[in-house]
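> Show me how the following folds:
(2 chains)
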Protein chains: 2
Amino acid sequence: MAGSKCTRLSGALVQQLLDTVDSILFDCDGVIWRGDQAIPGAPEVISLLKKHGKKVFFVTNNSTKTRKMYADKMARMGFGVTEHEVFGTAYCSAMYLKTVCKLEGKVYLVGSNALKQELEAVGIQQTGVGPDPISGVQVDWANVPLDPEVKAVVVGFDEHFTYMKLNRAMQYLTDPACLFVGTNTDTRLPLEEGKAVPGTGCLLRAVETAAQRQAQTVGKPNHFMFDCVASQFSLDRSRCLMVGDRLDTDIMLGSNCGLKTLLTLTGVSTVAEAEANQNSGCAERQCMVPDYYVESIADLLPALQG
Amino acid sequence: MAGSKCTRLSGALVQQLLDTVDSILFDCDGVIWRGDQAIPGAPEVISLLKKHGKKVFFVTNNSTKTRKMYADKMARMGFGVTEHEVFGTAYCSAMYLKTVCKLEGKVYLVGSNALKQELEAVGIQQTGVGPDPISGVQVDWANVPLDPEVKAVVVGFDEHFTYMKLNRAMQYLTDPACLFVGTNTDTRLPLEEGKAVPGTGCLLRAVETAAQRQAQTVGKPNHFMFDCVASQFSLDRSRCLMVGDRLDTDIMLGSNCGLKTLLTLTGVSTVAEAEANQNSGCAERQCMVPDYYVESIADLLPALQG
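Numbering: from 1, shown residues only, chains lettered A, B, ... in the order given. Now for the predicted structure:
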C-alpha cells in the first residue's frame, strides 16, 4: 500500500485495498445515488462486495427518512439492502438519545415524521412535528405552554420550520437541564444541476443562536455515527473503509475514527479541494484528505468482477 | 471631567457632563421604556433636556415599527417626540439601501409590514412580507420562481419566518450581485420578568448559513445608525452622548463613533459586566465600557430641575 494520501485508486491497487478491509461504509447521496437515480454500476458494486464476503453499511446525514424508507428506496433502484444495514441520522439520533443520553422524558422535535417514527421505535415520545403557525403577540410567545415531560430538544431537517418552532425550542432550552441534539450540520442539500436548498445546519444555527448554546450533533463527522454501526456489528476499525463524496463530513468521519477513506467524485467535493487541504499545513484540514479517490464507485467493478 | 471610565454619574458630575454635550442619543427599550410602560421620570428628562436646548434622538435596533409608529407609542407614554427624532432599523435600513447602496431594484424582504412601509417611503418596492407556507418537494423549492427585479435581500424581525422564506432568500443570494442586508444581530428580544423571544439575529444567522455569506448589518453597533442621525442634523460627534442599556450594541456604537457613553441599569447589562470588560485587557471588550453609568435616566432629573 502506498504511504502517500489522495492516491487515485485504479488497477491492481483496488484489489490490494479490498484485501485490507472487511467492512465498507458508504455515504448515500452523491455516492451510490443522485436524486432518484442509482449511480451507474453502484448496485453491482454493492452486490459483488457482499458476494466477496464484505459487510456493507450506508451512513447518511439526511434525517428525513427512516431506515425502512431508505431500504425501500434502495430496492427501487436495484440495491439489495436490508434496513439493518442503513444508518441515517433519524435512527442514529434516536439511538444517541436512548443509549448515550439515556433520556427519560419526551423530545420537543423540530424535524420530520421519519425522525418521529425512529424516536417512537426506541420508545421515545415526541411533540412538535408538523406545521406550527404564529399567533398572538410577543408576550404570548414568551409564555407559550411547555410540556413538563420534555427533557430534550432535537433539531433535524424540517420543512415546516417557523418562527414559532424556533421560539418553542428556545423556551425549552432556557432550562439548562434540557438536552439539545442536532441531527447534523450540513448547510445545504445539494440537488441536480448545481441547485440546492437550505439544510438542517441553517435551522440548527438559528436555534443555537436563540438558545445561546451549542447542540450536540449526531451526524458525520461526529464519531457517534460510526460508533453506532461498529457497536452493532463488532467492526474492527482498522479493517473498515469509509466511502463518501464530501471531505467535511464523510472523509472527516473516516479520519476521526481511524478508518481508511475513499473519496468518490460523483458528488460535492473535488480532488483539487482535497489537495488544497493536503498542502495547507493545517492539522484540521489534513483530516479532510482521503487516502484514495475514484471518479465513481463503479471504478471498483473490474477488480470485483475479475 | 474624570479620566477614568465606568464612573457613577451623580451629583455635580451630571451638570458637568451635560455642559459638554449638545445632542443625546437614547436607546429605547430598557432605557426610556420597558414593554408599554415609560421608565418613571423618563418623559420629564426628555422634556427638560429639550428645554435646556439639547437635541434628543432615539435609536433602536427593533425593526418592527415605522418612525411614525414609534412617535405615536411615545406620545401615548407621555413623551413629546416627533417622528424625525426617531431612528429605528426599519427606517435606517431603507436609508442605507437608498443612500449607501444606491439600490436600483426591488428587495426580497424577510421582515415586517413596518419595514415594508419604510422601504416604500423612500421609493423601494419589496416582495415577501407576510406568511409563506411550504408546498411541493425539494426540487420545487430549488426552482421557486424568482423576481428578476430583486437586487437585494433584507432580513429583519419576521414572525412569519418559515423554511420557504429561508429558501427564497438563499435562492436570491446565489447571485453574487444580490445585496444582503440585515437590520440587526440581536439574538433575543427581552421582555418583562426575565422572559425573552428569539430576535432577528437568529433569523439572520439561518439565512447567512444557507447563503454562505455574511450580511451587512445596519443596526447598532454598526456606525451607520449614528451616521444616519449625524448627517441629517449635522451633529458634532465630540459633543454627543449615547445612552443605552446594552454594552454590546449601545455602548459599542458610542465607542465606535467617538461619542461619550452612558449606561443605564434599567435594562440588560450590569456594572459588573462593564467592569469585567474594563479589566479584561482585551481591546474589543474595552469598547464595551461606558464612560458613565446611572441606575436610571431619572438620575439626570435633579440637575435638569435645579
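
> rest of the way, CA atoms for contacts and neighbours
Noted.

> Mind listing the residues bridging to A:G182?
A:G182 has the following beta-bridge partners by DSSP bridges: A:V155, A:T217.

> same check, this time on A:T264
A:T264 has these beta-bridge partners by DSSP bridges: A:V294.

> these two touch, right, it and A:V294?
Yes. The pair A:T264 and A:V294 qualifies as a contact (C-alpha atoms under 8 Å) at a distance of 5.0 Å.

> So A:K151: helix, strand or coil?
strand (DSSP: H, G, I helix; E, B strand; the rest coil).

> how close does it sit to A:L166?
16 Å (C-alpha to C-alpha, to the nearest Å).

> Get me the contact residues on the stretch 51-200 of chain A for chain B.
For the stretch 51-200 of chain A, the contact set with chain B under C-alpha under 8 Å from any C-alpha of the partner chain comprises A:133-134, A:138-139, A:141-142, A:158-164, A:166-167, A:170-171, A:187-188, A:191, A:195-199.

> Just the buried residues of these.
A:133-134, A:138, A:141-142, A:158-164, A:166-167, A:170-171, A:187-188, A:191, A:196-199 (16 or more other C-alpha atoms under 10 Å in any protein chain shown).

> Sitting in strands, which of those do you find?
A:188, A:196-198 (DSSP state E).

> Include pLDDT when you put these into CSV, please.
What follows is these, written out as CSV (pLDDT from 0 to 100):
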residue, pLDDT
A:R188, 95
A:A196, 96
A:V197, 98
A:P198, 98
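
> so how many other residues sit close to A:L115?
For A:L115, the count of nearby residues is 31 (other C-alpha atoms under 10 Å in any protein chain shown).

> Over to it. Which of the three states is it?
On the three-state scheme (three-state DSSP), A:L115 is labelled helix.

> what's the distance between it and chain B?
Note on A:L115: its distance to chain B, by C-alpha to the nearest C-alpha, to the nearest Å, is 18 Å.

> show me the residues around that residue that make contact.
For A:L115, the contact set (C-alpha atoms under 8 Å, 6 or more residues apart in numbering or on different chains) comprises A:63-66, A:90-91, A:94, A:156.

> What of A:L191?
For A:L191, the contact set (C-alpha under 8 Å, 6+ apart) comprises A:34-35, A:197, B:139.

> With A:D291 instead?
When contacts are counted by C-alpha under 8 Å, 6+ apart, A:D291 touches A:4-7, A:260-262.

> ok, which stretches of the stretch 101-250 of chain A are helices?
Along the stretch 101-250 of chain A, counting by DSSP state H, counting those that start in this stretch, helices occupy A:113-121, A:138-142, A:163-173, A:200-211, A:224-233.

> can you tell which of the ones you listed is closest to A:C28?
Counting by C-alpha to C-alpha, A:C28 lies closest to helix A:224-233 out of these; the figure is 13.9 Å.

> so where's the stretch 1-150 of chain A shaky on pLDDT?
Along the stretch 1-150 of chain A, segments meeting pLDDT under 70 span A:1-3.

> give me the beta-bridge partners of whichever residue of the stretch 51-200 of chain A sits closest to chain B?
Using C-alpha to the nearest C-alpha, the single residue of the stretch 51-200 of chain A nearest to chain B is A:T162, 4.4 Å away. Beta bridges link A:T162 to B:T162 when assigned by DSSP bridges.

> Isn't it up against A:S135?
No. Contact criterion C-alpha under 8 Å: A:T162 and A:S135 do not qualify, at 11.6 Å.

> Go ahead and name everything in contact with stretch A:8-16.
Stretch A:8-16 is contacted from outside by A:1, A:292-294, A:299-300, A:303-304, using C-alpha under 8 Å, 6+ apart.

> Enumerate the positions of it that are buried.
Neighbour counts over stretch A:8-16 (16+ other C-alpha under 10 Å) mark A:8-10, A:13-15 as buried.

> Out of these, list just those in strands.
Using DSSP E, the subset of those located in strands is A:R8.

> Specify the residue ranges that define each domain of chain A.
Chain A breaks down into these domains under automatic domain parsing: A:7-61+A:221-305, A:91-217.

> can you list the ones you listed in TSV and add distance to B:R237?
TSV is the format used below for those (distance: least, C-alpha to C-alpha, whole Å):
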stretch	distance to B:R237
domain A:7-61+A:221-305	45
domain A:91-217	34
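
> mind listing the strands for the stretch 1-150 of chain A?
In the stretch 1-150 of chain A, the strands defined using DSSP state E, counting those that start in this stretch lie at A:7-8, A:23-26, A:33-34, A:37-38, A:55-60, A:86-88, A:106-110, A:126-127, A:150-155.

> Could you list every helix and strand in contact with the last one?
Which is strand A:150-155. strand A:106-110, helix A:163-173, strand A:179-182, helix A:200-211 (3 or more C-alpha pairs under 8 Å, 6 or more residues apart in numbering or on different chains; DSSP states H and E).

> before we move on, back to that, which among the domains of chain A is found nearest to B:L109?
Smallest distance to B:L109 across the domains of chain A (C-alpha to C-alpha): 15.5 Å, for domain A:91-217.

> Can you get me the start-to-end distance on that closest one?
Distance between the two ends of domain A:91-217: 13 Å, counting by C-alpha to C-alpha.

> Repeat that for stretch A:194-207.
The first and last residues of stretch A:194-207 sit 28 Å apart, counting by C-alpha to C-alpha.

> can you give me how far stretch A:31-47 is from the chain middle?
18 Å (C-alpha atoms, centre = their mean, to the nearest Å).

> So what touches that stretch?
Contacts with stretch A:31-47, where a contact means C-alpha under 8 Å, 6+ apart, come from A:26, A:29-30, A:56, A:77-80, A:191-192, A:243-245, A:264, A:266-267, A:296-298, A:300-301, A:304.

> Any buried residues in stretch A:17-34, and which?
Using 16+ other C-alpha under 10 Å as the test for burial, stretch A:17-34 gives A:18, A:21-34.

> residues contacting the residue nearest the centre of chain A?
What sits nearest the mean C-alpha location of chain A, by C-alpha atoms, centre = their mean, is A:N61, with 2.0 Å. Listed by C-alpha under 8 Å, 6+ apart, the contact set of A:N61 reads A:88-89, A:183-184, A:186, A:219-220.

> Now for those: which two are most distant?
Pairwise distances across the contacts of A:N61 peak at 13.6 Å for A:G88 and A:D186 (criterion: C-alpha to C-alpha).

> For those two, indicate the residue with more neighbours.
When neighbours are counted by other C-alpha under 10 Å, A:G88 comes out ahead of the other of A:G88 and A:D186, with 26 against 22.
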